[in-house]
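Asker: Let's see this in three dimensions:
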Amino acid sequence: MLFSAILCLVADVLGAAAEPVRIMPVGDSITQGGKTFVTYRLPLDQKLRAAGANYVFVGSQQSEGPDGPLWHEGYGGKNAEFLAGIMPQRLKQAKPDIILLHCGHNHSAEEKPVPGIIAAERAIIEAARKQNPKVVVLLAQVIASGKLPKYAYLPELNQAEVLLARELSRPEAPVMVVDQFTGFDPQKDTILDKVHPNAQGAEKMAAKWFTALKQWVK
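Answerer: Numbers count the residues shown, from 1 in each chain. Next up is the predicted model:
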């Protein structure tokens, strides 16, 4: 009886250990990808596969990758406030362990949008914690843009995100800043619109996500 109980316990532990880490990419078109530009999800998937990581991308949206569907919550043309509105239901359905949050575009400097974006990101993080009290949020300082003056507010946003992460991070539910801004050159790393990543830009983004994910995905 005792031996059988031990075997069951070991099986339960091994079964739990085998569960893949559920990663949800959240954002706008930069997360979604498109016909004329590359999403970071493709090279990130390849890096995680090459590292032998036990993971799965989750979300309600789907795009195809070389090794099958890549699920996500990326919405072209939508802003952070839109994402905050839909995330409670999406989080409930997908049950992520880790969220890759890159949002802040689709406003203009004239709107002075930073407070609203930060409020939306706060709402997303709070909704995620209601679904999973131990969720890990990797909060991106968003990539630089050459589309000016429309996106002149992005440096201000990135500074505010550092403060948001510092305020909300908990040992049991960390909010970790991932600096996607530094080293991203919109003159070299985007397509002609100076906003969306080309293959080189997507690779840079994937490399930074991958470095941040290493401690959470084995």
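
Asker: Nearest spatial neighbour of Ser29, chain-adjacent residues omitted?
Answerer: Closest residue to Ser29 apart from its sequence neighbours, by C-beta to C-beta, 6 or more residues apart in numbering: Gly76 at 3.6 Å. Glycine gets a C-beta too; all of them are placed from N, C-alpha and C.

Asker: For that neighbour, give its distance to Gln46.
Answerer: As judged by C-beta to C-beta, to the nearest Å, Gly76 and Gln46 stand 23 Å apart.

Asker: Next: Val135.
Answerer: Going from Val135 to Gln46 by C-beta to C-beta gives 25 Å.

Asker: do the same with Phe57
Answerer: Distance, Phe57 to Gln46, by C-beta to C-beta: 12 Å.

Asker: Looking at these two, which one has more neighbours?
Answerer: Phe57 (25 against 16; other C-beta atoms under 10 Å).

Asker: can you give me phi and psi for that one?
Answerer: Note on Phe57: its backbone torsions stand at phi -80, psi 140 [degrees, to the nearest 10].

Asker: Tyr55 too?
Answerer: According to degrees, to the nearest 10, Tyr55 has phi -150, psi 170.

Asker: The one 10 residues further on too?
Answerer: Its backbone dihedrals place Gly65 at phi -120, psi 170, with angles given as degrees, to the nearest 10.

Asker: Could you check the pLDDT of it?
Answerer: If you check Gly65, the pLDDT there is 80.

Asker: do Phe181 as well
Answerer: 98.

Asker: Kindly report the same for Leu2.
Answerer: pLDDT, read off for Leu2, is 36.

Asker: Report the buried residues of the biggest helix by length in the chain.
Answerer: Using DSSP state H, we find that the single longest helix of the chain is helix 114-131. Residues of helix 114-131 classed as buried by neighbour count (16 or more other C-beta atoms under 10 Å): Val114, Ile117, Ile118, Ala120, Glu121, Ala123, Ile124, Ile125, Ala127, Ala128, Arg129, Gln131.

Asker: Now find how far off-centre it is within its chain.
Answerer: 13 Å (C-alpha atoms, centre = their mean, to the nearest Å).

Asker: How about stretch 128-141?
Answerer: So, by C-alpha atoms, centre = their mean, the centroid of stretch 128-141 is 10 Å from its chain's centroid.

Asker: For that stretch, measure first residue to last.
Answerer: Stretch 128-141 has an end-to-end distance of 19 Å (C-alpha to C-alpha, to the nearest Å).

Asker: next one: stretch 19-37
Answerer: 33 Å.

Asker: Against Asn158, how distant is the nearest residue in space to Tyr55 that is not next to it in sequence?
Answerer: With sequence-adjacent residues excluded and distances taken as C-beta to C-beta, 6+ apart, Tyr55 is closest to Val21, at 4.6 Å. Note on Val21: its distance to Asn158, by C-beta to C-beta, is 26 Å.
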